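*Asks:* Just need the structure, nothing else, for what follows:
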Amino acid sequence: MGGFWRALAIFLLGGVFGTGFGVALGFFIFPYVFPPPPAAEQLTEADRSPLVATGNFIHANPSDPIHYGKGKVSVYQRIVFLESDFEVGPGPAFHVYLVPKANIRDSAAVKDTMFVDLGGLRAFKGSQRYVIPAGVDLKNYSSVVIWCERFSVLISPADLQPAR
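*Replies:* From the prediction side, this is the model:
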């Protein structure tokens, strides 16, 4: 009788681990298999004035082939605009942050600071606009960052340069 209970316990434990592995694999594979379509948002004339800063997203850790980004970002007085050449590697729960530090190259630099969360990333490619909350003084923010909230990982930073 002891062999039956042992076999049942192994079967149930295998089912739990197999289900957990399948769900975890789904979190990683789903964005690659079913990515959202590219975004193509436009700026209105009210959004365009005045331009405060610009930057370029970079691949912060070249040894990490999954977490990358590229493309331009423009920061206006009330809008952060990811330009049409924007692209990041797909993943779950990406957000757009304004960060008061420059030269962010690792996750610890974001975790240790007070950032402004502009909302969830709507697409992995293409132009997108994010409203800056009232009262945010843009002079205090020198980076725009794409961040994975689910795993607390830096995806791609953009150092901002003041507009001329």
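*Asks:* What are the boundaries of the strands in the chain?
*Replies:* 39-40, 51-57, 69-76, 79-82, 87-88, 94-99, 116-120, 126-131, 143-148, 153-162 (DSSP state E).
*Asks:* Save those as a markdown table, and put in mean neighbour count, mean pLDDT and distance to Phe11 too.
*Replies:* For glycine as for every other residue, the C-beta is placed from the backbone atoms N, C-alpha and C. Conversion of those to a markdown table gives the following (neighbours: other CB atoms under 10 Å; pLDDT from 0 to 100; distance: least, CB to CB, whole Å):
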| stretch | mean neighbour count | mean pLDDT | distance to Phe11 |
| --- | --- | --- | --- |
| strand 39-40 | 14 | 77 | 46 |
| strand 51-57 | 19 | 97 | 48 |
| strand 69-76 | 21 | 97 | 44 |
| strand 79-82 | 24 | 96 | 49 |
| strand 87-88 | 20 | 96 | 41 |
| strand 94-99 | 22 | 97 | 38 |
| strand 116-120 | 15 | 97 | 40 |
| strand 126-131 | 19 | 96 | 47 |
| strand 143-148 | 24 | 97 | 35 |
| strand 153-162 | 22 | 96 | 35 |
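*Asks:* how about these in TSV, adding distance to Ala109?
*Replies:* Formatted as TSV, the strands of the chain follow (distance: least, CB to CB, whole Å):
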stretch	distance to Ala109
strand 39-40	27
strand 51-57	15
strand 69-76	15
strand 79-82	19
strand 87-88	18
strand 94-99	8
strand 116-120	15
strand 126-131	21
strand 143-148	9
strand 153-162	8
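*Asks:* among those, which is nearest Ala108?
*Replies:* strand 153-162 (8.8 Å; CB to CB).
*Asks:* Are there helices or strands packed against the closest one, and which ones?
*Replies:* strand 51-57, strand 69-76, helix 107-111, strand 143-148 (3 or more CB pairs under 8 Å, 6 or more residues apart in numbering; DSSP states H and E).
*Asks:* Tell me how the protein divides into domains.
*Replies:* 1-34, 39-162 (automatic domain parsing).
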